[in-house]
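A.B. asks: I would like the atomic coordinates for the input below:
(2 chains)
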2 protein chains.
Amino acid sequence: MKRFIPPLFALLLMLPAAVQAQADARDMDSLVTNNPSSGTFPLVASGKTAALCYDAADYPGVIRAIGDLRKDIERVTDCAPALHAVEMLPRQAVIIGTLGKSRRIDELVKSGKLPAKDLRGKWESFVITTIDNPFPGTERAVVIAGSDKRGTIYGIYELSRQLGVSPWYWWADVPPLKRKEAYITSGYHASGEPKVRYRGIFINDEIPCMTDWAREKFGGMNSGMYAHVFELLLRLRANYLWPGMWGSFKEYNPGVPILFDDEGRYEGNSFNEDDPANPRLADEYGIVMGTSHHEPMQRSQQEWLRNKQNYGNAEWNYVTNRAGIRKFFTEGMENTRNYESIITLGMRGDDDKPMADAGSIEENFRVLENIIADQRNIIRRVTGKPADQTPQVWTLYKEVLDYYDLGLNVPDDVIVLLCDDDWGDVRYLPALNGKRHSGGYGMYYHAGYYGAPRASKWLNMSQISHIWEQLQLTYSYGVDKIWILNVGDIKPCEYPMDFFLKMAWNPERFNSTNLQQYARDFCAEQFGQSQAAEAAEILDTYCKYAGRVVAEMMDEKSYDLESGEFKTVRDAFMALEARALRQYLALPGVRKDAYHQLVRFPVQAMANLYDLYYSLAMNRKLGVEKDPAANYWADRVEACFRHDATLCTEYNHDIADGKWNHMMDQVHIGYTFWHPPVQNIMPQVIRVRPEEVRAGGYTFNHKNRVVVMEAEHYYTADPGSGKAAWTVIPDLGRTLSGVALMPYDQETTGAALTYKMKLAPGNARTVALRVITDCTLPFLKGGHSIAAAFAGAEEKTVGINQELTWKNNYSKMYPAAAERIIETVLELPLPQGNGAGEYSLILRPLNPGIVFQKIIVDLGGYEDTRLKMPESPYIKE
Amino acid sequence: MKRFIPPLFALLLMLPAAVQAQADARDMDSLVTNNPSSGTFPLVASGKTAALCYDAADYPGVIRAIGDLRKDIERVTDCAPALHAVEMLPRQAVIIGTLGKSRRIDELVKSGKLPAKDLRGKWESFVITTIDNPFPGTERAVVIAGSDKRGTIYGIYELSRQLGVSPWYWWADVPPLKRKEAYITSGYHASGEPKVRYRGIFINDEIPCMTDWAREKFGGMNSGMYAHVFELLLRLRANYLWPGMWGSFKEYNPGVPILFDDEGRYEGNSFNEDDPANPRLADEYGIVMGTSHHEPMQRSQQEWLRNKQNYGNAEWNYVTNRAGIRKFFTEGMENTRNYESIITLGMRGDDDKPMADAGSIEENFRVLENIIADQRNIIRRVTGKPADQTPQVWTLYKEVLDYYDLGLNVPDDVIVLLCDDDWGDVRYLPALNGKRHSGGYGMYYHAGYYGAPRASKWLNMSQISHIWEQLQLTYSYGVDKIWILNVGDIKPCEYPMDFFLKMAWNPERFNSTNLQQYARDFCAEQFGQSQAAEAAEILDTYCKYAGRVVAEMMDEKSYDLESGEFKTVRDAFMALEARALRQYLALPGVRKDAYHQLVRFPVQAMANLYDLYYSLAMNRKLGVEKDPAANYWADRVEACFRHDATLCTEYNHDIADGKWNHMMDQVHIGYTFWHPPVQNIMPQVIRVRPEEVRAGGYTFNHKNRVVVMEAEHYYTADPGSGKAAWTVIPDLGRTLSGVALMPYDQETTGAALTYKMKLAPGNARTVALRVITDCTLPFLKGGHSIAAAFAGAEEKTVGINQELTWKNNYSKMYPAAAERIIETVLELPLPQGNGAGEYSLILRPLNPGIVFQKIIVDLGGYEDTRLKMPESPYIKE
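C.D. replies: Just a heads-up that it's a prediction; the model follows:
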């Protein structure tokens, strides 16, 4: 809401969100200070640390998080606080606990010292406040109280974050802020409830990157690895996870999922089966587990594929193998009975494709409705409770949305999970004034994607502004039960993931005027306040540039070469790289790893890809023209291809001493359809052999009433009767090169350059000819002159430098010298009767020493710029 | 001679230079190898080093250079060879000496073991060869023999260079190549004579940089400092120096040269007077001293200014103070009598300005010819030899050239020094077939310059290709007695200085086809072979970009903003910076200092200056339009201004631990005439206050038959009757932003955006309207539609997304998603009778959720590019 609307009206509209946002910031960003003042609580002061006190009866997940807080305090201050049982409180204490699970918290509420209003009956809420004399013998306590298990945990991590430990400290190697002392400010800080109930991510398409990384670092996608995922989610106030479940997809072979890798290991991932500690630990941490849209009843696709022979006839077909599949479903429900879960209903075909067609839409509906009825029966039987006591979701992904739209019945209590088009555009929303599903709605949204028309797995290609626009849309249409984001391998989707989860906590927090502040806040958290503005601009500009066409889809035709667009976007991306590298160089050493992975790498990788495809476009164009410069561009394509590998290797091996090895293994060059090739493929380049090179032969086409020609691009060059030859001086002058008859001690008799062009001069009898030459001074008496004529019309002779003498030093000689060029303009007659067609311009140097740079035939469209306009389009024989 | 000329003809022309160049390379670049083979001589092998043997009777300058060779061998191999008297030769020896000064060399020539042809009677020539059994008891010797003092010294340094010590090792912190072993290849290597007799530099305008640097590091421009200059010159095979002679010029005050600085020290420099060891040491090293063009008789301007009260009436006027000035001249000649010098004749006015007018040209001639006659008498008297036994020069700088041209008589034996225009363009050459001056000609040429129309002192602004073009011209017209280059403070003119001196040694070595190889060779020497190609391209591209307009002359109007030229050149310069920073990051640590000063700094400094002035141009434009984005650009100008200071500080303090402090003190921002301001001046920027901002008001102008408008740039925006408001979503989409009526849960009734434009539709009754919107899917039944009309003509309604459904997933939905935009094209009627004039286009969103990005009115000129063309020119009310 910027600029456009009458200020007062704008203010009225903006108020709720803006006030909320400001309140959020005021409440939550002022919890910790380095300096004591009246009312502050010394968390760490004079080398002493207040004890962290908790009730042993509290949730294990809360007690675990308190352990994290202890480590975080040590990371920041180098002082680790003591952990105390809440029964024996010291004089100054940090009391942490969950309402109903912590005796001390309950007592504080009962005594009225801690208001109940922000805790009792609330979902995932917490309060942080300082209380004087909370208990006999305790002078003062900072209290972190949660309404429930995750409420307390979120409160704990909020203190961590404000102390200076980024939620991304482990996942992006963000160094903790360093403080000698830390005081907690007085006041009452209440989180409020999240506006979206389940907020989470889907680790997806996690081969080759995350899987190979996890195997190398943890021995697999096991609980050692997932513990880091759970912690990250909680630090970001998420609560929901669809775990990785990918089969092998190294080669596109849809009929036969490959189950074993070269070393005989299972190729795909199965959360529950690969490490039985996975689901147990998720529940302990406080993560609600789900399965992806096409994996019903809390069982992964891999569980079926590995074990299907144990289930009936082993067919994934509810019509032909109902009993077998019911057994499979029942086991899934039994396994998850004791854990917090959302059960996925429904069924799709093998391998995330539509179910086998049962014959008609009505028949397909009947099958699906039967499946759902059976699934709910299983839930009821296994849990011993009505089905609506267990959260369930039914995902309207791909064709299933059409079924829903056609009236497929979904049980009232089931959450209907809507989705985007895999590219971040919401496909379907419930009408605001229509009949609404009582179980409510969720949104399955994508930051990474593996599918048509082209995979988008390598780097983040999403704009925060677009995500915001679509998610505020989503929320304004009442979709608030589940928000889940497909994040691929988590890395390198840190930035959109962070935004998505912040947005999920409170979609009203952001608006068009504070959206760019989000980027600065994110960058301040990861790179420090002083770096935030520049880093944020780089990051958002990267997202905008990258969003124009995803890496995997890009090729040498993605931008227009002739109009200069391709060079423009390539240079702009490289200019952005310059800013990223500048900032990287200026950062303190401890911040370099985080910056490298979050900013420098994606910017460099994409800038290089732009350079590669631009160079390829140049190579193809010049190669066809048999211009030897094509070979330069071929070399450059190869250099970019190698540089791409170098950049990925740096990411894998150099950042944090190789901590993220394999995270940049994703193939991204050489796609021909949506699925990647087995490895990056060096594009075919054209090499021009010396014997193929033909001089001249350029014919230009007028464009917008002007023809601009580099002198080097003549049609024919006649050296005349002397011993001199036409010579290109590469790189001379403002743009391409200079062309001169050399050596200069020879006469120029008969020498000429001819330029061919298509003109449509209409009624014009003359054109303005502009000849740009090097700043040759009249080093011999009489100076230098040229003759110019269109074939078939009168020749004109003109001096180019006779006035550039000491007599005119300040008025003419020095100014020409500083310009480095001489621009000679003459009115030149056109041959009459040619009409719209080909014209030949003949230029003759009348003295040695003249260096032609640019030739411009102006029919009225010339614009005077320093570089004398870009070259006009041409063809070359 | 590239591409253009018939191959055979080209070959004929090229042969002499090319063969010479190849021979040079073959002879000289194969002297040292790491591996022994048949015939190689072990200079350093198995930790043992061959002794360096010389005759104590040789020139002290030769013996001193042998000491350098000893250090260089140690720098490269960590083994220092012994120095031996030539009388007691070991079995394997390196014998170094000057013909006529070294007994052993003379004996070798006499015995025929060393051919005399390349030494006897030759100027500055050397031979390096291996001789078996040169003397009894000596099995083998490598001989470095010089025809004269500098011949031997050049031979010594040639070995140093080929061992891997760059001539710039001290002046640019180039690390020596490291070798464990070094063998000298057999064969006979002869340098030949230089093609230009005196080759040198002029240290000029050396305040503030070089003077303050020398004061801090050496206590002044004394022999401690000059020893490094002499050594550099000899390593580059130069022989001639005009020393620094600047007076203070901190503030432009031509009438009163300030002679003392704040601390009471002489502000200006006087080579002979400031350190009497200066001229003595120059001669010992082997440097021929001169004085600048306007300092006659080997006396500096400062010597006069400091002491003029001792000379007659203290007037610098030969008419009124002839006796006094003759005394001054005579002392100059007496001081230099024992040293190798070239005596400057003639006289200009005070402070490098024309002499006082004697009344008429004839009278001025008479005065000048009298002066020269007197000067030659003094030379004769002091040396006791005819004047033609002493090299003399008369410089035709500035107006003096006109005198010469008018027929002023110059004595036959005096070298006539011609000059460029201070900007690298040769002003005058002797006609090839006219009467030629028997004393021959020289050329005074500029890489740095302090004068009109604008100083050019900060960075190198010269293109090697231009220098080559002008110097081959110079040489081809027979100018070969003196070549002297104004190098300012030496730093940062290393690159053109290196080229100039290589060119001076043999101007025929370079031609248009091997010129770019020079850059690679230079970079290989400084940064290593593997870095050479990339560094060379960066360096030459830098020179080309920088040559377009010198830093001191640049401002916000230097490039065209409206056509996109300014953004294009700024991004291109920053793209070049990205390449420089990439390479810097990839270099081994020991090479970073050299790369920083020779490549990274100039590229970064100029890229930043382009960013600064581009940002200033944007600020001025948007500031006038009262666009709040002007403030962003104002911030950016300030950031660039600060960054400029940071870059200079890094140069001064970080490179080589501050070795070059003050070398980047040159003021370069804020010039208003040729002389710099006292300090860099932050340009005035426009700040737009919130209350000044006016929404809308844009009127576009058709250009080349199309009008392209960012949606944000409407003329008016009507929010309609609902509660929604027009909202800019910054940065959304491919270019500027998105514009939507928000929030999306409100109706759009009556809402409209109006775009105003000037069209000249001719006879067209319709135009093609292209509306670019965000990829909004039909999330509600019926999808999204817009209505469009020109005021006064029929409205058309069109759906934008009805087909983007799952049914069309592969054909339409996914492709649109991957494009991230929807492009809706409709044929829209024009109001009839408006003719060429203003038109209003009204766009109405018929449903909430539509985000406009770009609006294009196409009268036939539309070109389909990914970014949908640059925005058309507009004015804003």
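A.B. asks: continuing past the worst-scoring helix or strand of chain A on mean pLDDT, what's the next helix or strand?
C.D. replies: Within chain A, confidence by mean pLDDT, DSSP states H and E is lowest for helix A:7-28 among all helices and strands, at a mean of 39. As assigned by DSSP states H and E, the chain's next helix or strand after helix A:7-28 is strand A:32-33.
A.B. asks: Who are the packing partners of that following strand?
C.D. replies: helix A:149-163, strand A:182-184 (3 or more CB pairs under 8 Å, 6 or more residues apart in numbering or on different chains; DSSP states H and E). Where C-beta positions appear, they are placed from N, C-alpha and C, glycine not excepted.
A.B. asks: which stretch of helix or strand covers residue A:404?
C.D. replies: Per DSSP H and E: helix A:399-405 holds residue A:404.
A.B. asks: Show the low-confidence segments of the stretch 201-350 of chain A, by residue range.
C.D. replies: A:248-259, A:350 (pLDDT under 70).
A.B. asks: chain center to stretch A:311-328, what's the gap?
C.D. replies: The chain centre lies 41 Å from the centre of stretch A:311-328; the measure is CA atoms, centre = their mean, to the nearest Å.
A.B. asks: Okay, buried residues for that stretch please.
C.D. replies: A:311, A:312, A:316, A:317, A:318, A:321, A:324, A:325, A:326, A:328 (16 or more other CB atoms under 10 Å in any protein chain shown).
A.B. asks: ends of that stretch, how far apart?
C.D. replies: By CA to CA, to the nearest Å, the extent of stretch A:311-328 from end to end equals 7 Å.
A.B. asks: Please list all residues in contact with residue A:62.
C.D. replies: Neighbouring residues of residue A:62 by CB atoms under 8 Å, 6 or more residues apart in numbering or on different chains: A:54, A:96, A:97, A:98, A:101, A:146, A:149, A:152, A:153, A:156.
A.B. asks: run the last query once more with 6 Å
C.D. replies: Residue A:62 makes contact with A:98, A:152, A:153, according to CB atoms under 6 Å, 6 or more residues apart in numbering or on different chains.
A.B. asks: which SSE is it in?
C.D. replies: Counting by DSSP H and E, residue A:62 is found in helix A:60-77.
A.B. asks: How far off centre is the next helix or strand after that helix?
C.D. replies: Moving toward the C-terminus from helix A:60-77, the next helix or strand (DSSP H and E) is strand A:83-85. Mean-position distance between strand A:83-85 and its chain equals 43 Å (CA atoms, centre = their mean).
A.B. asks: Over to stretch A:702-719?
C.D. replies: That offset, for stretch A:702-719, works out to 43 Å (CA atoms, centre = their mean).
A.B. asks: Tell me where the model's unsure across the stretch 451-600 of chain A.
C.D. replies: Within the stretch 451-600 of chain A, not a single segment meets pLDDT under 70.
A.B. asks: residues in it within reach of chain B, list them.
C.D. replies: Contact residues (CB under 6 Å from any CB of the partner chain) of the stretch 451-600 of chain A with chain B: A:452-453, A:465, A:469, A:473, A:476, A:512, A:540, A:544, A:547-548, A:559-560, A:563, A:565, A:571-572, A:574-575, A:577-578, A:581.
A.B. asks: Residue B:405 versus the residue lying farthest from the centre of chain A, what's the distance?
C.D. replies: Most distant from the centre of chain A: residue A:781, at 64.4 Å, with distances by CA atoms, centre = their mean. To residue B:405, residue A:781 is 8 Å away according to CB to CB, to the nearest Å.
A.B. asks: again, but for residue A:129
C.D. replies: Residue A:129 is 92 Å from residue B:405, by CB to CB.
A.B. asks: Of those two, which one has the most company?
C.D. replies: A direct count of neighbours by other CB atoms under 10 Å in any protein chain shown for residue A:129 and residue B:405 places residue A:129 higher, at 20 against 13.
A.B. asks: Number of residues surrounding the residue lying closest to that one once chain neighbours are set aside?
C.D. replies: Closest residue in space to residue A:129, ignoring its immediate chain neighbours: residue A:188 at 4.5 Å, by CB to CB, 6 or more residues apart in numbering or on different chains. Taking other CB under 10 Å as the neighbour definition, residue A:188 ends up with a count of 14.
A.B. asks: next one: the one 5 residues further on
C.D. replies: Neighbours of residue A:193 under the rule other CB under 10 Å: 17.
A.B. asks: Kindly confirm my reading that it is in a helix.
C.D. replies: No: under DSSP: H, G, I helix; E, B strand; the rest coil, residue A:193 falls outside any helix and is assigned coil.
A.B. asks: Look up phi and psi at residue A:589.
C.D. replies: phi -50, psi -40 (degrees, to the nearest 10).
A.B. asks: now do the one 10 residues further on
C.D. replies: Per-residue torsions, residue A:599: phi -120, psi -60 (degrees, to the nearest 10).
A.B. asks: buried residues in stretch A:547-554?
C.D. replies: Neighbour-count burial for stretch A:547-554 [16+ other CB under 10 Å]: A:547, A:548, A:549, A:550, A:551, A:552, A:553, A:554.
A.B. asks: Which of the three states applies to the residue nearest to the third one when sequence neighbours are not counted?
C.D. replies: For residue A:549, the nearest residue in space outside its immediate sequence neighbours is residue A:558; the separation is 5.0 Å by CB to CB, 6+ apart. Judged by three-state DSSP, the three-state class of residue A:558 is coil.
A.B. asks: Residue A:558: neighbouring residues, count only.
C.D. replies: Residue A:558 has 17 neighbouring residues, counting by other CB under 10 Å.
A.B. asks: ditto for residue A:734
C.D. replies: Residues lying near residue A:734 (other CB under 10 Å) number 20.
A.B. asks: try residue A:57
C.D. replies: Number of residues near residue A:57 (other CB under 10 Å) recorded here: 12.
A.B. asks: Look up how far chain B lies from it.
C.D. replies: According to CB to the nearest CB, to the nearest Å, residue A:57 and chain B sit 45 Å apart.
A.B. asks: Might you report the residue contacts of that residue?
C.D. replies: residue A:101.
A.B. asks: Would you mind confirming that the residue nearest to residue A:549 makes contact with residue A:550?
C.D. replies: No: counting by CB atoms under 6 Å, residue A:558 does not reach residue A:550; the two are 10.0 Å apart.
A.B. asks: Please identify which helix or strand holds the most centrally placed residue in chain A.
C.D. replies: In chain A, the centroid-proximal residue (CA atoms, centre = their mean) is residue A:460; its distance is 2.5 Å. Here residue A:460, judged by DSSP H and E, is contained in no helix and no strand.
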